[in-house]
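> Just to be clear, the model below is a prediction. Sequence and coordinates:
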Amino acid sequence: MGRLRRSRTHHAQRDVHRAARTRARTRDLDQIQLIDLDPKNRAALEAQPLDYDLPGLGQHYCVECAKYYETDFALRSHWKSKVHKRRCKALKEPAYTIEEAERAAGLGREGKRSTTSAPAPASEPEPMPVEEDVAM
């Protein structure tokens, strides 16, 4: 007689889901476009002081991907990678605005009647043309 399989083998799924919810998030595309790609901020990010807590002492930073690398060789190989090129392509598109998001949700002013203006004065309706009955 063989050993019985252990029950409840999926008990760690809860911890995996919790870790996914609470992990450190990277910077969003709109944050990178509006803040990091500004020439003043970009120069400051590329020439950071030594930080012993960051990978590569904080000296090898990809601004577009908001990521630190251990060595200059790793950073240069990252610049040639498909992941970096996709990120650069995504950053070339303009960031979404609040108005665009509201229009997508159906909350924008597009297609809505303004409620603040007074209704148009009612004019006399035009008489409908009467078609004559044709006897056959």
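All right, it came through fine. None of the values given here were measured: they were computed from a predicted structure.
> This structure: helices as residue ranges?
Along the chain, counting by DSSP state H, helices occupy 13-22, 29-31, 39-46, 72-79, 82-92, 98-104.
> tell me the mean pLDDT for the second one?
Read that as helix 29-31. For helix 29-31, mean pLDDT rounds to 89.
> how about it: buried residues?
residue 29 (16 or more other CB atoms under 10 Å). Where C-beta positions appear, they are placed from N, C-alpha and C, glycine not excepted.
> Tell me where the model's unsure across this protein.
1, 5-13, 108-136 (pLDDT under 70).
> try it again with 80
Residue ranges of the chain with pLDDT under 80: 1-25, 107-136.
> that older thread, export the helices of the chain to JSON lines and tack on distance to residue 3?
Output for those, formatted as JSON lines (distance: least, CB to CB, whole Å):
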{"stretch": "helix 13-22", "distance to residue 3": "24"}
{"stretch": "helix 29-31", "distance to residue 3": "52"}
{"stretch": "helix 39-46", "distance to residue 3": "57"}
{"stretch": "helix 72-79", "distance to residue 3": "46"}
{"stretch": "helix 82-92", "distance to residue 3": "45"}
{"stretch": "helix 98-104", "distance to residue 3": "56"}
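> I'd like to know which of these is closest to residue 55.
Among the helices of the chain, helix 72-79 comes nearest to residue 55, with 9.0 Å by CB to CB.
> when you compare where the closest one runs with where helix 82-92 runs, what's the angle?
Counting by axes from the mean of the first three to the mean of the last three CA atoms, to 10 degrees, helix 72-79 lies at 60 degrees to helix 82-92.
> circling back: which among the helices of the chain is found nearest to residue 65?
Residue 65 lies closest to helix 82-92 among these, at 5.3 Å (CB to CB).
> residues of the closest one that come out buried?
Buried residues in helix 82-92 (16+ other CB under 10 Å): 84, 87, 91.
> hang on, the earlier thing: looking at the helices of the chain, which is closest to residue 56?
Closest to residue 56 of the helices of the chain is helix 72-79 (CB to CB; 7.8 Å).
> Can you tell me what sits against that closest one?
56, 59-62, 65, 67, 69, 84 (CB atoms under 8 Å, 6 or more residues apart in numbering).
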